[in-house]
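**Student:** Everything below, folded, please.
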Amino acid sequence: MKKVLDRIATFLLWVFFACSIFIFLSTFTGLNDLVVKPLIRDEAPQKADVIIILGGGVLKDTRTLPWGVVERIQKGVELYKQGLAPKIIVTGGLVAFNSYAESEIMASYVRELGVPTDDVIEENRAKDTYSNALYSHQILKKNGWTKAIVITSDFHTQRACHVFRQQEISITCTAASKNSSFDHNTLRNLNYMQSIIREYVATIYYWLKGYI
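**Tutor:** Alright, predicted model coming up:
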């Protein structure tokens with residue numbers, strides 16, 4: 001029995017050691033930047049009919065947007081104020097089992113940043129990147145728009161770009177700027193690495209489904 005307990009203790013010690021190394025590398029080295037590089041497709045935004053900001057969830061049991069979505073919105077509003085497009089689409093459907101859509105929360109924040117209500121369009125049905133593109137395409141066709149700027153987090157740009165172009169939408173795909181105040185923030189960097197890993201899995205899944 002003692003040998004078994006010793007082995008368990010040794011195993012847990014090694015797990016703790018490995019996790020500590022991983023946390024250190026993710027927080028204080030360029031590991032995240034290296035691993036995320038193949039996922040990024042950051043194109044210079046071109047003048048378009050509309051800016052499409054992709055959702056990314058809300059914080060659990062709240063109406064609060066996570067840092068990644070806030071950065072997407074800030075980038076979209078920045079390009080809007082630069083005159084690169086006269087309208088903004090925020091796309092994101094119902095959140096978990098709640099009665100409100102992510103697009104509702106996003107639109108509210110866009111308006112707080114000074115965009116007139118008439119220039120904000122909510123797409124409130126999308127559940128994933130594929131339906132973000134599908135339903136946004138329907139809005140573009142309805143309005144006779146042909147060009148869009150798609151805004152999402154850097155790790156998501158490559159897949160999102162492919163999905164939107166599969167819908168035959170003429171787009172530039174632009175990465176949201178990361179807030180430098182989060183540099184060397186352990187929790188932020190761990191969440192970022194988690195997002196990167198999840199994105200690699202999602203990319204393989206979308207490839208198998210023929211979405212990209």
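**Student:** in a strand, that's where Ile151 is, yeah?
**Tutor:** Yes: counting by DSSP: H, G, I helix; E, B strand; the rest coil, Ile151 is part of a strand.
**Student:** Distance check, the spatially most central residue of the chain against Asn143.
**Tutor:** Taking CA atoms, centre = their mean as the criterion, Ser153 is the residue nearest the geometric centre of the chain, at 4.1 Å. Here Ser153 is placed at a distance of 26 Å from Asn143 (CB to CB, to the nearest Å). Every C-beta, even on glycine, is put in place using the N, C-alpha and C of the backbone.
**Student:** Would you map the strands across the protein?
**Tutor:** 50-54, 88-91, 120-123, 147-152, 170-175 (DSSP state E).
**Student:** got TSV for those strands, with mean neighbour count and mean pLDDT too?
**Tutor:** As requested, these are exported to TSV (neighbours: other CB atoms under 10 Å; pLDDT from 0 to 100):
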stretch	mean neighbour count	mean pLDDT
strand 50-54	28	97
strand 88-91	27	96
strand 120-123	20	96
strand 147-152	26	96
strand 170-175	21	92
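**Student:** Any chance of JSON lines for those strands, columns distance to Asn132?
**Tutor:** Formatted as JSON lines, those follow (distance: least, CB to CB, whole Å):
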{"stretch": "strand 50-54", "distance to Asn132": "5"}
{"stretch": "strand 88-91", "distance to Asn132": "5"}
{"stretch": "strand 120-123", "distance to Asn132": "8"}
{"stretch": "strand 147-152", "distance to Asn132": "9"}
{"stretch": "strand 170-175", "distance to Asn132": "12"}
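**Student:** Tell me which of those lies nearest to His162.
**Tutor:** Between His162 and these, the shortest separation by CB to CB is 9.0 Å, and it involves strand 170-175.
**Student:** could you check the angle strand 50-54 makes with that closest one?
**Tutor:** Using axes from the mean of the first three to the mean of the last three CA atoms, to 10 degrees, the inter-axis angle of strand 170-175 relative to strand 50-54 is 50 degrees.
**Student:** hang on, the earlier thing: among the strands of the chain, which comes closest to Val35?
**Tutor:** Taking the strands of the chain one by one with CB to CB, strand 170-175 is closest: 15.5 Å.
**Student:** Using CSV, write down the CA coordinates of that closest one.
**Tutor:** Taking C-alpha atoms only, strand 170-175 is exported to CSV below (Å, rounded to 0.1, in the frame of the first residue of the first chain):
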residue,chain,number,x,y,z
SER,A,170,-15.8,39.4,-50.5
ILE,A,171,-14.0,40.1,-47.2
THR,A,172,-10.9,41.3,-45.5
CYS,A,173,-10.2,39.4,-42.3
THR,A,174,-8.8,41.6,-39.5
ALA,A,175,-7.5,40.5,-36.1
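**Student:** residues in contact with that strand?
**Tutor:** 40-46, 48, 52, 75, 79, 146-154, 157, 160-161, 164-165 (CB atoms under 8 Å, 6 or more residues apart in numbering).
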